[in-house]
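# I'll drop the sequence and a predicted model, then ask my questions.
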Amino acid sequence: MNMKLVSSIDAVARSRLVTINVNALLVDVAKLLSDTQISLVVVCNSDGAMVGVITKTNIVQQFGRCGESACTTVAADVMTRDVAYCRPTDSLPDVLSMMEKRGFVHIPVVDENCKPSGVVNARDALRALMAEEKYEASLLRDYVMGIGYR
């Protein structure tokens, strides 16, 4: 059995990636999150390296604390800095296990320079693993039944 890697869902992970600069206004981040089907925005420095993430929860908490003044808050003041992430070479089962333990639905994918290349969604990872299991089960069934092996 081959180990399914994060890179196997690269296309969908890339489609989920939304990045912003550390100096972006929180109100602009809120607009991004409301206009997309994601719950996480990756915050990058001027070199394009990930320095944090902002979730819908971060937005709600900040607006709840600051009210009107939250509109002038920048991403760097609200982002989560200690970010869990994965690499394209990590195994999907390991990434899903980490996500489950930490209660994450999304996790950024970064390269060796900490530059984001995608966002893994737990549902996408599970779909990929289930598809692999179905394929392996069909191969085993065909082998046992002698289909295609004459």
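Thanks, I have the structure now.
# Grab the nearest non-local neighbour of the one residue sitting closest to the centre of the chain.
Using Cα atoms, centre = their mean, the residue of the chain that lies closest to the mean C-alpha position is residue 119, 2.6 Å off. Sequence neighbours aside, residue 16 is the residue nearest to residue 119 in space, at 4.1 Å (criterion: Cβ to Cβ, 6 or more residues apart in numbering). The way it works is simple: take the backbone N, C-alpha and C, and place the C-beta from them, glycine included.
# Leaving out sequence neighbours, find the closest residue to residue 128.
Residue 128 sits nearest to residue 9 (Cβ to Cβ, 6+ apart), 5.0 Å away.
# what about the one you found, distance to residue 88?
10 Å (Cβ to Cβ, to the nearest Å).
# between these two, which one's more packed in?
residue 9 (23 against 17; other Cβ atoms under 10 Å).
# hang on, that one is in a strand, isn't it?
No: looking at residue 9 with DSSP: H, G, I helix; E, B strand; the rest coil, it is helix, so not inside a strand.
# Report the contact partners of it.
For residue 9, the contacting residues are 92, 120, 124-125, 128, by Cβ atoms under 8 Å, 6 or more residues apart in numbering.
# Got a ChimeraX select line for the buried ones in those?
Selection of buried members from the contacts of residue 9 for ChimeraX, criterion 16 or more other Cβ atoms under 10 Å:
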select :92,120,124,125,128
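# thought the residue nearest to the centre of the chain was touching residue 39?
No: if you go by Cβ atoms under 8 Å, residue 119 and residue 39 don't touch, sitting 9.5 Å apart.
# returning to that earlier point: phi, psi of the residue nearest to residue 119?
phi -90, psi -10 (degrees, to the nearest 10).
# on that earlier part again, mind listing the shared neighbours of residue 119 and residue 39?
Common neighbours of residue 119 and residue 39 (Cβ under 8 Å, 6+ apart) are residue 106.
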